[in-house]
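Colleague: have a look at this prediction, sequence included:
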There are 4 protein chains.
Amino acid sequence: MPEHDSPIIPRSDNEKIKLQNRLKRIEGQVRGLQKMVDENRYCMDILVQISAINSALKQVGFSLMERHTKTCVKHSLESGNGDDYVEELMDIIKQFSKS
Amino acid sequence: MPEHDSPIIPRSDNEKIKLQNRLKRIEGQVRGLQKMVDENRYCMDILVQISAINSALKQVGFSLMERHTKTCVKHSLESGNGDDYVEELMDIIKQFSKS
Amino acid sequence: MPEHDSPIIPRSDNEKIKLQNRLKRIEGQVRGLQKMVDENRYCMDILVQISAINSALKQVGFSLMERHTKTCVKHSLESGNGDDYVEELMDIIKQFSKS
Amino acid sequence: MPEHDSPIIPRSDNEKIKLQNRLKRIEGQVRGLQKMVDENRYCMDILVQISAINSALKQVGFSLMERHTKTCVKHSLESGNGDDYVEELMDIIKQFSKS
């Protein structure tokens, strides 16, 4: 598998800000869950909220995947060592589909 | 659909503490994601972490579902109006399987 | 776990016919996939079809789960040994959410 | 979205045979489900089998995705029009994760 500390093409400040905003919103939603438990809210209402957070997290994941494929995988395919990157991508897609 | 503000059988203090601990850990994991973005970490490493948070959230959801079925759904089936609760449960199971 | 060869409340002829019709349609869709491979169809078209079959299979699964909960689980909760059935149900829900 | 009737790089006979064998096995599993319904088998046993078929179908899907990315997407990225293919791939990944 490819060894990397950071993306081949670094994220721009704009990309980072957008990601952080989405993650802060998700952090707020998880704190909202804690409030619902404190307030002894109905199980189904909490479950609907958990499902919404999962969808939001997956959307962030899909954005990262798309960006990764359009930059890192593309770059590596052009450099001739792309297959390792495609296999790494498939592994995470499989893991995602189970989580 | 059944209308409820809180579970038919209230959560015990012990149940609440356990839930809150799991949710606080998940909140910490989401903050960890923000740190990874700050540090410009490799896309795949972030995706593995998102997948782990999703699994943790689903586990919390499954615990709530099991508790709900063993208490609220059971109670309502005994009172003769259980079918509404089963349909409500099926709706969230379907939603969960897509999120 | 509960040991059973058949549902506590047997499926009616009508229920069986409906299930069989849905399963025959799915069998036809799988044969359709083989035809698409034979005809060397575009990968994405085949993938869209696989995704549709998965959804159809899950819908059959959800129908069975709902029926099971409204009959077998209900019956067992009334007989006082329902928790085993709820745990068995949760196991399959977890497995489903990963498949 | 890219318009294609067939893969940019045609599937080899060997690839086709392997795919067909996997799909025939899945077709057999779906017929097995019909037999289970005929024999009035226990709901949970049928659900375990449905879940197994879903996993098998997804594995076929992931193989097709990997092959598609290593050939068609690679080829299109090299030709400079890869982004459309990546977006098409992301769409099917999102659809798969819900099915």
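Modeller: Now that the structure is in, tell me what you want to look at.

Colleague: leaving out the residues flanking it, which one is nearest to the residue of chain A found nearest chain C?
Modeller: Nearest to chain C in chain A, going by CB to the nearest CB, is A:Lys98, at a distance of 4.3 Å. Glycine gets a C-beta too; all of them are placed from N, C-alpha and C. Computed as CB to CB, 6 or more residues apart in numbering or on different chains, the closest residue to A:Lys98 that is not its neighbour in sequence is C:Lys98, at 4.3 Å.

Colleague: so the one you found makes contact with A:Gln95?
Modeller: No. Assessed by CB atoms under 8 Å, C:Lys98 is found out of contact with A:Gln95, at 10.4 Å.

Colleague: and for the residue of chain A closest to chain C, the neighbour number?
Modeller: Neighbour count for A:Lys98, taken as other CB atoms under 10 Å in any protein chain shown: 15.

Colleague: distance of the closest residue to A:Arg41 other than its chain neighbours from chain D?
Modeller: Leaving aside its chain neighbours, A:Arg41 sits nearest to B:Ser6 (6.3 Å; criterion: CB to CB, 6+ apart). As judged by CB to the nearest CB, to the nearest Å, B:Ser6 and chain D stand 31 Å apart.

Colleague: now do A:Ile50
Modeller: Distance, A:Ile50 to chain D, using CB to the nearest CB: 16 Å.

Colleague: that residue touches B:Phe62, doesn't it?
Modeller: No. Judged on CB under 8 Å, A:Ile50 makes no contact with B:Phe62 at a distance of 9.8 Å.

Colleague: ok, these two, which is more surrounded?
Modeller: Counted by other CB under 10 Å, A:Ile50 and B:Phe62 do not tie: A:Ile50 has more neighbours, with 26 against 19.

Colleague: any residue of the one helix or strand in chain A whose mean pLDDT sits lowest touching chain D?
Modeller: Least confident element among the helices and strands of chain A, by mean pLDDT, DSSP states H and E: helix A:74-78 (a mean of 83). Yes. Counting by CB under 8 Å from any CB of the partner chain, chain D is contacted by helix A:74-78 at A:Lys74, A:Leu77, A:Glu78.

Colleague: which of those are buried?
Modeller: Among these, those classed as buried by 16 or more other CB atoms under 10 Å in any protein chain shown are A:Lys74, A:Leu77.

Colleague: so which of the residues of helix A:74-78 next to chain D is the closest to chain B?
Modeller: A:Lys74 (12.6 Å).

Colleague: which ones are touching that closest one?
Modeller: Taking CB atoms under 8 Å, 6 or more residues apart in numbering or on different chains, we find A:Lys74 in contact with D:Leu77, D:Gly82, D:Val86.

Colleague: of these, which is the nearest to B:Leu23?
Modeller: Using CB to CB, D:Val86 comes nearest to B:Leu23 of these, at 35.3 Å.

Colleague: how about the residues of chain A that lie near chain D?
Modeller: For chain A, the contact set with chain D under CB under 8 Å from any CB comprises A:58, A:62, A:65-66, A:69-70, A:73-74, A:77-78, A:82-83, A:86-87, A:89-90, A:93-94, A:96-97.

Colleague: and the spatially closest residue to A:Ile93 that is not a sequence neighbour, how many neighbours?
Modeller: Leaving aside its sequence neighbours, A:Ile93 sits nearest to D:Ile93 (CB to CB, 6+ apart; 5.7 Å). D:Ile93 is flanked by 22 other residues according to other CB under 10 Å.

Colleague: I'd like the distance between D:Ile93 and A:Gln29.
Modeller: Using CB to CB, to the nearest Å, we find D:Ile93 at a distance of 23 Å from A:Gln29.

Colleague: and A:Asn21, by the same measure?
Modeller: 13 Å.

Colleague: hmm, back to that, who are the contact partners of the residue nearest to A:Ile93?
Modeller: So D:Ile93 contacts A:Phe62, A:Met65, A:Ile93, A:Phe96, D:Met65 (CB under 8 Å, 6+ apart).

Colleague: out of the residues you listed, name the ones that lie in helices.
Modeller: A:Phe62, A:Met65, A:Ile93, A:Phe96, D:Met65 (DSSP state H).

Colleague: quick check: closest non-adjacent residue to the most centrally placed residue in chain A.
Modeller: What sits nearest the mean C-alpha location of chain A, by CA atoms, centre = their mean, is A:Gly61, with 2.2 Å. Excluding the flanking residues, the one nearest A:Gly61 by CB to CB, 6+ apart is B:Ile50, at 4.6 Å.

Colleague: let me see the confidence value for that neighbour.
Modeller: pLDDT for B:Ile50: 97.

Colleague: how far away is the closest residue to A:Arg25 other than its chain neighbours from A:Ser79?
Modeller: Leaving aside its chain neighbours, A:Arg25 sits nearest to A:Ala56 (7.3 Å; criterion: CB to CB, 6+ apart). In this structure, A:Ala56 and A:Ser79 are 34 Å apart, going by CB to CB.
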